[in-house]
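Peer 1: using only what follows, build the 3D model:
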Amino acid sequence: MRELTRDDVEAAVKGGSVFASGGGGWVDHGLEIGHAALGLGRPKLLSIDELPDDAIILTCTAIGAPAGRDWQMLGKDYIKAVQLVIDKYDGKVAGVMTPQNGMSSTINGWLPAAALGLAVIDATGDIRAHPTGKMGSLGLASSIDYETIQAVAGGNPENGSYIELVVKGTPARTSNILRTASDMAGGFIAAARHPLPAKYIKEHAAIGGISIALELGRTILKAEPDGPEAVLKAVVRKTKGKILGRGTVTAKNVRYSGAFDIGTIEVEIPKKTLVLHVMNEYMAVDDQKGKRLTTFPDVITTFDLQTGLPVSVGDIREGMEVAVFSIDKSKIPLSSSVKDPSVYPEVEEALGIDLQSYAFDKEKKESKVKKESKEIEVYA
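Peer 2: Predicted coordinates:
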């Protein structure tokens with residue numbers, strides 16, 4: 001256990017921005033919420049092992065599309081969403097966690113924790129940012145046995161878009177309702193969900209997800225005085241990731257639809273074009289011939305070559321010089337969420353591409369089986 005500090009706010013935003021994978025909120029919002037939390041109280045970061053197995057943990061998040069512009073989400077909305085769940089839950093909540101890292105989402109739970117006397121748990125529903133609530137639901141997305149409580153708060157009262165909503169039911173049904181509420185509130189809304197015992201979190205979350213973001217953030221802060229190239233080298237070294245290519249953004253075809261940003265971004269690199277598939281975050285990268293280079297749950301990030309800092313889908317512009325970066329899923333802790341086949345079909349349908357075969361290495365396994373079959377035939 002330790003108190004979170006102002007230095008941690010900076011590090012969380014810097015490191016979270018890499019794991020944001022093009023989404024995960026906004027840098028300014030993350031800094032604002034983080035500093036507000038420390039101005040309100042002294043939130044403490046706890047390892048999940050410091051809690052008894054029956055301690056109840058809530059997930060704090062924000063739902064919407066990073067490129068959305070017609071929204072209002074204040075710090076008090078994060079607190080309100082958590083309070084709404086606590087009011088409807090028949091038990092005591094001990095802590096909060098985030099479903100993902102991101103430019104602001106690494107800090108999702110810090111303000112409610114400070115305001116309501118809760119712990120911030122060093123675990124994430126997914127180490128990187130993702131488009132749907134189901135992808136951060138700790139393997140519960142397809143469960144019909146678990147009744148969850150989910151709540152949202154946010155929107156602008158001045159234009160009548162402010163919404164508070166509490167729903168109970170299966171994770172799949174209630175997640176779809178909250179996505180609709182986010183759209184109605186202007187495109188983004190604060191949320192709290194899934195009261196779960198610490199024992200379940202231990203078995204299904206990406207443990208240590210906050211510490212990983214903080215460590216990467218401190219690495220970036222240390223490298224920044226030496227310039228953009230030093231930052232990129234430090235990130236590659238720290239994460240054991242790789243740069244897929246450096247080049248110019250030549251096309252951005254991303255549209256807003258139902259609280260999602262969906263489409264593609266093309267980056268021209270020497271002798272090749274990279275096609276980045278977007279659903280709020282970068283979900284896959286192909287070359288111009290359709291060869292898959294990286295796929296969720298790999299971390300996929302674009303860096304502005306002028307600053308050496310991650311740039312989000314919402315801020316990418318044609319003509320920008322970027323590096324496309326990836327961390328293979330074997331290098332990061334994976335939660336039960338990303339191992340759940342039921343979370344992929346709606347994203348695959350929206351993007352019109354295959355994710356599961358790559359996410360679960362089915363192609364490699366099928367190729368190995370075919371190879372072994374041929375060897376058996378040869379020696380038969």
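Peer 1: any chance you could map the helices in the stretch 51-200 of the chain?
Peer 2: 75-88, 110-116, 171-184, 198-204 (DSSP state H, counting those that start in this stretch).
Peer 1: what helices or strands is the next helix-or-strand element following the last one leaning on?
Peer 2: In other words, helix 198-204. Counting by DSSP states H and E, the next helix or strand C-terminal to helix 198-204 is strand 206-207. With contacts taken as 3 or more C-beta pairs under 8 Å, 6 or more residues apart in numbering; DSSP states H and E, strand 206-207 sits against strand 119-124. For glycine as for every other residue, the C-beta is placed from the backbone atoms N, C-alpha and C.
Peer 1: the strand it packs on pairs with which strands?
Peer 2: Under the criterion DSSP bridges, strand 119-124 sits next to strand 44-46 (parallel), strand 93-98 (parallel), strand 206-207 (antiparallel) in its sheet.
Peer 1: mean confidence for the shortest one?
Peer 2: Translated: strand 206-207. Strand 206-207 shows a mean pLDDT of 97.
Peer 1: run the angle between the helix or strand just after it and strand 119-124 for me.
Peer 2: Counting by DSSP H and E, the next helix or strand C-terminal to strand 206-207 is helix 209-223. For helix 209-223 against strand 119-124, the angle by axes from the mean of the first three to the mean of the last three C-alpha atoms, to 10 degrees is 80 degrees.
Peer 1: so which elements touch helix 209-223?
Peer 2: In terms of contacts (3+ C-beta pairs under 8 Å, 6+ apart), helix 209-223 is packed against helix 6-19, strand 119-124, helix 228-239.
Peer 1: one more time with 10 Å
Peer 2: In terms of contacts (3 or more C-beta pairs under 10 Å, 6 or more residues apart in numbering; DSSP states H and E), helix 209-223 is packed against helix 6-19, strand 44-46, strand 93-98, strand 119-124, helix 228-239.
Peer 1: list the contacts of the second one.
Peer 2: Same thing as strand 44-46. For strand 44-46, contacts defined as C-beta atoms under 10 Å, 6 or more residues apart in numbering pick out 1-5, 8, 50, 55, 94-95, 97, 110, 113-114, 117-123, 198, 210-211, 214.
Peer 1: ditto for the last one
Peer 2: Under the criterion C-beta under 10 Å, 6+ apart, residues 14-15, 18-19, 212, 215-216, 218-226, 241-243, 246, 299, 301, 303-310, 323, 325-328, 331-332 lie in contact with helix 228-239.
Peer 1: and for Ala198, the neighbour number?
Peer 2: A total of 23 residues lie near Ala198 under the criterion other C-beta atoms under 10 Å.
Peer 1: show the average pLDDT along the longest strand along the chain.
Peer 2: Assignment by DSSP state E gives strand 242-257 as the longest strand of the chain. Averaged over strand 242-257, pLDDT sits at 95.
Peer 1: list the buried ones in it?
Peer 2: Using 16 or more other C-beta atoms under 10 Å as the test for burial, strand 242-257 gives 243-247, 249, 252, 254, 256.
Peer 1: okay, how far is it across stretch 212-231, tip to tip?
Peer 2: End-to-end distance for stretch 212-231: 17 Å, by C-alpha to C-alpha, to the nearest Å.
Peer 1: great, nothing more from me.
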